[in-house]
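> the amino acid sequence is not available; the structure is as follows:
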């Protein structure tokens, strides 16, 4: 007997998510398919209602360059913006949403600094209580190897000072917490219960346009695909993922067309749901990719695959968890949906772009990565984007980084509040193909995060936490060519952070943070051509240290209103022999965020 | 459950088993950063080249690493230059062969040629002199090379301006051979300074003997822009006798154009640099123009090179812009590829 899953009232409730942070129906689809955790349900909306998000930022920035002489410059950037969304529900099975953004730069007088944009728009609904659809803007993801964003290594340690600004950038670029990718197109979802409801089959299909034709040499570039998932009540699931990025013939004068299909099979077995409960959960995924340019004889055809397995152990009672991952991604494995980076390292920072010293372009630093939205991107890009080895060399494209094999262990002790908390991650990776020589690079990763409840130790009523983080990533390779040339690689990136947060009332918190980041050593950076093949190696010598220290005051009322004022000092310290100046960047800023 | 735990191991083994056995990604570091060494000295295959008979000159050598190199051939009489570049571990007939063609005009003559092999890491690695006993033969229909002066049947019109020079000149400046057509003058009342026409009848045929496929036919010519001239515009016109009655009727037959200018003009054109320029345009890329603006062809609208009955070269300049000058040489139609001079 086959029943349509969508007949359940659950769908109708999920469908009516109306906050501007709801990541769209496509995510709701995936929640069913991928067994994602649920999201909070708002009250039943009226037939027409509005949602809004507003924020304002004002800061005073002072940059000091210390080279032969000291140069000081100041900037006072600031803006206020509001996103106003209208939701129309003509009937229970249809919702239309449009969101406008109004932004005003401080100092833009009489509208000269005012911009008005349509930020997003979609229509979603259900047809005959069987087929769900969403048209327009949608968020979609499949798996970490086929279509899903990955976190940048350097940004994945939260900062009390700058994570609120990073969250603003992510909100602006639709980078939601579930790592889905914002696209424009159409998504469909449908499913059935099988074998007396013991199994269910869920399907999701999508087509989105990544690039629009210019009717000359740039054709329409679409991404199409979807997932078919078969699961049972015992927590066993097998899922087929497919994403194809391709150029559409005859939408331009170009005779060269991209074809880039990626497919995978993901299987999950959850021992917790077995009749005889076991604290184990196993996930595996295996897939293949192809990247080719049809109609261009000298273009390569890259095909390769990956395999991945993760075993989780969840302890009972003490909330300890342990997971082990092992994977291998071939050197020619390409997956635009999974490997497109969040940071575009080919760009230049927007604030203080040029240094006074020799008029040189200022390089991207860690502060820019957290605060400068112009460096971030969300559009899918073919090939492999450039990256800075100083800000993550082991997995620059996330777990789907090509030419890597290795293991990763994660240990977490997640106790109830007011007890020590720790998590530890250890990884050992290796190149599959040597980079320029037969000897392969090895990558060692170690990360530790710990939290200490000082208020418990001191017997105080108000909570006071001390948190510490340490992350080290080392890349190494022995010299493989004898005395001919020095091919040794030894690059160490290290992050140390201390945070403290004291709650002085339910709404007010005082916080302080210190972070030190350094990158020392050398590696050979692979320069890639337009087809993402390595065509050259650049010897890179890193010798930089950055650190910041700051404190602030935070006022928060639920998750609807947050105000934060803070002051910090950041330093960039290049090596003594460098022509780049030492930089000290002091700033004070006020930040307001409102969600309605 | 126990059996299922074996699944990831099997998947990994499967992937390892399917992996390609290529140990190195990208170029070898030794090629990029190692010291340069010559493993086999540079040799040339012959000291004399009869290019008209199909002779080829090539070098042979081997290096210890991937090397950027450039072979430069310089005509000791003409000053012609040929440059061949590559990035390889070896030199042989597959990557370092010279067939007598030219990179920088004029074209090579029967003369002595100095050949130099330049390596980025080692400056001039090898040098020798060879002699050309005959120049290469270029396949195609030659409309004009001016080597025998003005051909009977060509017609010209020259305004009565100042310093007019619509003549064939003979000197070493010719891009091909020894002669070229010099067009110049000052006409301050009209854009047209002068023109020369090449009717098919000058070749004893009602139409030029060309293939009918416009996608495979290239119109080529060599144009020289003097250093001091900024205002020159040469307009080629191609008249097709669509109805085959032996005359061109402007109201009902196709006229296509090609503009070659020293400056940016409206519409499709070839922008000229100082010195000799090679102009090569596929016949189906010729455009229809009326007073310099794109227009619909008056005839059947098809590019029919086998119906081409007359080619005109109109030398133009803005009447307020002063004296203008341009040289023209070697007008030739080639099939399947543009002119390799």
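That came through fine. Values in this document were obtained by computation on a predicted structure and should not be read as measured data.
> next, the contact list for residue A:293, please.
By CB atoms under 8 Å, 6 or more residues apart in numbering or on different chains, residue A:293 lies in contact with A:256-259, A:299, A:531. From N, CA and C alone the C-beta is placed, and that goes for glycine too.
> in which helix or strand does it reside?
strand A:280-294 (DSSP states H and E).
> show me which strand runs longest in chain A.
Secondary structure assigned by DSSP state E gives strand A:534-557 as the longest strand of chain A.
> could you measure from the residue in the stretch 51-200 of chain A that chain B sits nearest to over to residue A:312?
Closest contact between the stretch 51-200 of chain A and chain B, by CB to the nearest CB, is at residue A:145 (12.0 Å). Distance, residue A:145 to residue A:312, by CB to CB, to the nearest Å: 18 Å.
> those two: who's more crowded?
Counted by other CB atoms under 10 Å in any protein chain shown, residue A:145 and residue A:312 do not tie: residue A:145 has more neighbours, with 30 against 18.
> with adjacent residues omitted, what lies nearest to the more buried one?
Nearest residue to residue A:145 in three dimensions, chain neighbours excluded: residue A:400, at 4.9 Å (CB to CB, 6 or more residues apart in numbering or on different chains).
> same question for residue B:41.
residue B:61 (6.7 Å).
> tell me what the one you found is bridged to.
residue B:91 (DSSP bridges).
> and it, how many neighbours?
The burial count assigned to residue B:61 is 23, neighbours taken as other CB under 10 Å.
> what of residue B:160?
Residue B:160, neighbours per other CB under 10 Å, totals 7.
> again with residue A:401
So residue A:401, with other CB under 10 Å, has 22 neighbours.
> got the contact list for the closest residue to it other than its chain neighbours?
Spatially, and ignoring its direct neighbours in sequence, residue A:401 is nearest to residue A:395 (4.7 Å; CB to CB, 6+ apart). Listed by CB under 8 Å, 6+ apart, the contact partners of residue A:395 are A:150, A:153, A:401, A:404, A:429, A:443.
> next, residue B:73: secondary structure please.
strand (DSSP: H, G, I helix; E, B strand; the rest coil).
> where's the closest residue to it other than its chain neighbours, which helix or strand?
Spatial nearest neighbour of residue B:73, chain neighbours left out: residue B:82 (4.2 Å); criterion: CB to CB, 6+ apart. Per DSSP H and E, residue B:82 falls inside strand B:81-91.
> next helix or strand past that strand?
By DSSP H and E, the next helix or strand past strand B:81-91 is strand B:97-98.
> give me the most central residue, chain A.
residue A:151 (3.7 Å; CA atoms, centre = their mean).
> just chain B next, same as before
residue B:278 (4.3 Å).
> wait, that residue touches residue B:224, no?
No - using CB atoms under 8 Å, residue B:278 makes no contact with residue B:224, being 10.9 Å away.
> got the contact list for the residue nearest to residue B:41?
So residue B:61 contacts B:38, B:40-43, B:90-91, B:117, B:126 (CB under 8 Å, 6+ apart).
> if I pick residue A:120, what's in contact with it?
Going by CB under 8 Å, 6+ apart, residue A:120 touches A:97-99, A:136-137, A:174.
> pLDDT at it, what is it?
pLDDT for residue A:120: 94.
> I'd say residue B:272 and residue B:225 touch.
Yes - assessed by CB under 8 Å, residue B:272 is found in contact with residue B:225 at 4.6 Å.
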